[in-house]
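Q: Here is a sequence together with a model predicted from it:
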Amino acid sequence: MAEGEGSGSWTTWPRVAGLVYVLLIGVGAIGNGFEWVSGGADGAEAIFVFATNPIVGVILGTLATALVQSSSTVTSVIVGLVAGGLPIGVAIPMVMGANMGTTITNTIVSLGNVGNDDAFNRSFQAATVHDFFNLYSIILFLPIEILFHPLETMAGAIAGMFVDTSASMTDLNVVGMATKPVVAGMKSALGSLPDALGGALMIAIGIALVLASVVFLGGLLREAMTGKAKVALDAALGRSSLVCILAGAAITVLVQSSTTATSLLVPLAGAGTLTLRQIYPFTLGANMGTCITALLAATAVAGGNQLFALQIALVHLLYNSFGVLLFTTVPVVRDLPLRSAQWLGDVSEKRRAFAFGYILGMFFLLPGSVLGGQQLLARRDTEVLEAMKHQQALEQAERSVKESEMVIE
């Protein structure tokens, strides 16, 4: 193919494929590192002990997913908790928060262009449009759910029709099969280290791989995606929003990770190959596709709470589906995530510290402070309860002594 047709040299596409593989390994390493440090599914389950009200449930769902780096894992944990007796009303805000926490990896990927103003702005917008979609969905749907419980009611009705169904997609994770051996080898090499240190090094290696791959991918994509290649991509993603949504959902189901699916688009945005309006509907589809893992996990639950496990998984699917429907059809809110992401990208282009502050504050400091506050309150309540029990024991002892003295007299 001629130079003007978008080929670059004959080695361009193999190099792009190699760098995409490195990017996926980096994303996998970050997720494994966070999971190693936080205790994985067990750590997420421990965090949810403090979900005493809907707002705290949302925030702790965000923290748990940011630490475990997989909304599929966290929602599967929530399904397990519901199967174990956790009330649906408590679990629904956790699911909403899990949607929010999964977007941190996209934002980390966008930092690969931090040295280039325009590329950083474009990639940061592409990463954070997912954040704002999830944030506005929570703001709009959580109060309605608290007051009227429409998601809980609809999911319960649907679950009753499918409670005996069972399915599995364990062997369908194509990306996982391709990258898992490398990531597992990295973890094995660090396995002799303490969990905190090994996990931290795993995260650092993952971030380094992501940043390096994004830097080199930017130049290669600009070289490759010209001429006919650019026209073909625009035709595929610019055909209609529905096509993009379906593509995002299908790819996310295939790789079983919305993080992986959307992270692949960030370098394309940074290179100027895709626009924010092309990426946005793909992101919405990825949000729907990520529901499938927990849904299929729920169908495998047996016992008396099988219905409720399937119900919470269906809540996740309905919640994301209604969010996509709302933000693609209602003019008042249709462009709200886009405008917010553009604003944040413009601000972060001028002040890089704002971008880092956003990541730390949104995904760790705010949720972490809530978790810490809940722990302090729980400790204080325990101390107060113990003090009350001690006081009651003293009073009982005094009454016993007085009764004994009266008997003797």
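A: Great, that's in hand. Numbering: from 1, shown residues only.

Q: element containing I78?
A: Assessed by DSSP states H and E, I78 sits inside helix 71-83.

Q: got the buried residues for the following helix or strand past that helix?
A: Heading C-terminal from helix 71-83, the first helix or strand you meet, by DSSP H and E, is helix 88-101. Residues of helix 88-101 classed as buried under the neighbour-count rule (16 or more other CB atoms under 10 Å) are 88, 90-101. Where you see a C-beta, it was placed from the backbone N, CA and C, and this is true even at glycine.

Q: For Q342, state which of these is nearest.
A: Here the nearest of these to Q342, counting by CB to CB, is M100; it sits at 19.4 Å.

Q: What's the per-residue pLDDT of the closest one here?
A: Looking at M100, its pLDDT reads 86.

Q: Identify the residues contacting it.
A: If you count contacts by CB atoms under 8 Å, 6 or more residues apart in numbering, M100 has them with V58, G61, T62, T65, D131, N134, L135, I138.

Q: Please list the members of those residues that lie in helices.
A: Per DSSP state H, helices hold the following members of those: V58, G61, T62, T65, D131, N134, L135, I138.

Q: Name all residues that make contact with the third one.
A: Shown in contact with T62 (CB under 8 Å, 6+ apart): G97, A98, M100, G101, F363, P367.

Q: what do you get for the fifth one?
A: For D131, the contacting residues are M100, T103, T107, A341, M362, taking CB under 8 Å, 6+ apart as the criterion.

Q: The third one contacts F124, doesn't it?
A: Right, T107. Yes - the pair T107 and F124 qualifies as a contact (CB atoms under 8 Å) at a distance of 7.3 Å.

Q: one step back: could you find the lowest-pLDDT member of the contacts of M100?
A: Minimum pLDDT across the contacts of M100 falls on T65, with 80.

Q: Apart from its neighbours in sequence, what residue is nearest it?
A: Of all residues not flanking T65 in the chain, G101 sits nearest, at 2.8 Å (CB to CB, 6 or more residues apart in numbering).

Q: Spell out the residue ranges of the helices in the stretch 201-350 of the chain.
A: In the stretch 201-350 of the chain, the helices defined using DSSP state H, counting those that start in this stretch lie at 227-238, 241-255, 258-263, 265-270, 276-289, 291-299, 306-329, 331-334, 336-350.

Q: Columns mean pLDDT, mean neighbour count and distance to A29 on top of the ones you listed, output as TSV?
A: Shown next, in TSV, are the helices of the stretch 201-350 of the chain (pLDDT from 0 to 100; neighbours: other CB atoms under 10 Å; distance: least, CB to CB, whole Å):
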stretch	mean pLDDT	mean neighbour count	distance to A29
helix 227-238	57	15	28
helix 241-255	81	20	16
helix 258-263	77	28	13
helix 265-270	85	27	17
helix 276-289	89	24	21
helix 291-299	70	24	20
helix 306-329	90	22	27
helix 331-334	90	10	36
helix 336-350	94	18	25
